[in-house]
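Colleague: sequence below, structure please.
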Amino acid sequence: MSGGAQGKGRTTQQERFAQLIVQGDIPLIECHRQAYPDAKSSERTRGRHAMALQKHPKVVARVAELRAKVERLIVYRLADAMREAEEARELAMAAPRGAAAAVAAVSLKAQLNGLLVKERANDRSPFSDVTDDQLDAAAATLRAILNAQSVRPGEVEATADEPAKALPAIPEAG
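Modeller: Residues are numbered from 1 along each chain as shown. Predicted structure coming up:
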């Protein structure tokens, strides 16, 4: 393995490989490909080298070191944001008419802790559990009811209690 010294006896490639592993969203073989772009190896060989390099003591130590740094940074930022949100809540509660600001601070704290979901898409259709055959049967039933009442789709029917409404056309099952 070639490359300049990168601290604690690691090569530049070992350092890059460790950094890519810590990113977490890249397959191991791709980490190896990016760290060693000049390596002329088959995919199988590259995969074996990546597995071996992942277990190399210098790489293992560097991955652990980088993960610890990332974890400290994440924990610090969350703790800091929580502290500031709590300070804002306390100031808002002490102020006259500060209830809205206090609610906003509490909401922020809940969001930071993952307790609130801002937006949720409605991914469920009202007919998602109904088969085409069931829909066709329901349409046929409605057509039969309309025929029995002598009311045709598109005609206007009125009663003493309700204003006139045009009934929608229900297409024939085809």
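Colleague: can you count the residues close to Ala18?
Modeller: For Ala18, the tally of surrounding residues (other CB atoms under 10 Å) stands at 26. Heads up, the C-betas are built off the backbone N, CA and C, glycines and all.
Colleague: is it true that it touches Ala64?
Modeller: No - Ala18 sits out of contact with Ala64 when judged by CB atoms under 8 Å, with a separation of 9.2 Å.
Colleague: what is the neighbour count of Glu30?
Modeller: Burial of Glu30, expressed as a neighbour count using other CB under 10 Å, amounts to 13.
Colleague: contacting residues for it?
Modeller: Each residue near Glu30 by CB atoms under 8 Å, 6 or more residues apart in numbering is listed here: Leu20.
Colleague: quick check: it is in a strand.
Modeller: No - when DSSP: H, G, I helix; E, B strand; the rest coil is applied, Glu30 is found to be helix, with no strand at that position.
Colleague: from Gly9, how far off is it?
Modeller: Using CB to CB, to the nearest Å, one obtains 25 Å as the distance from Glu30 to Gly9.
Colleague: Asp132 now?
Modeller: In this view, Asp132 and Gly9 are 67 Å apart by CB to CB.
Colleague: again with Val59
Modeller: Per CB to CB, Val59 is found 11 Å from Gly9.
Colleague: repeat for Gln23
Modeller: Using CB to CB, we find Gln23 at a distance of 23 Å from Gly9.
Colleague: per-residue pLDDT, Glu43?
Modeller: Per-residue confidence for Glu43 comes out at a pLDDT of 90.
Colleague: my bad, should have said Ala85
Modeller: 83.
Colleague: Lys109 is in contact with that one, correct?
Modeller: Yes - distance between Ala85 and Lys109: 4.6 Å, which falls inside the contact criterion (CB under 8 Å).
Colleague: can you map out the helices along the protein?
Modeller: Under the criterion DSSP state H, helices of the chain are mapped to 12-23, 28-35, 43-54, 57-94, 99-112, 132-148.
Colleague: weakest of those helices in terms of mean pLDDT?
Modeller: Within the helices of the chain, the stretch with the lowest mean pLDDT is helix 132-148, showing a mean of 70.
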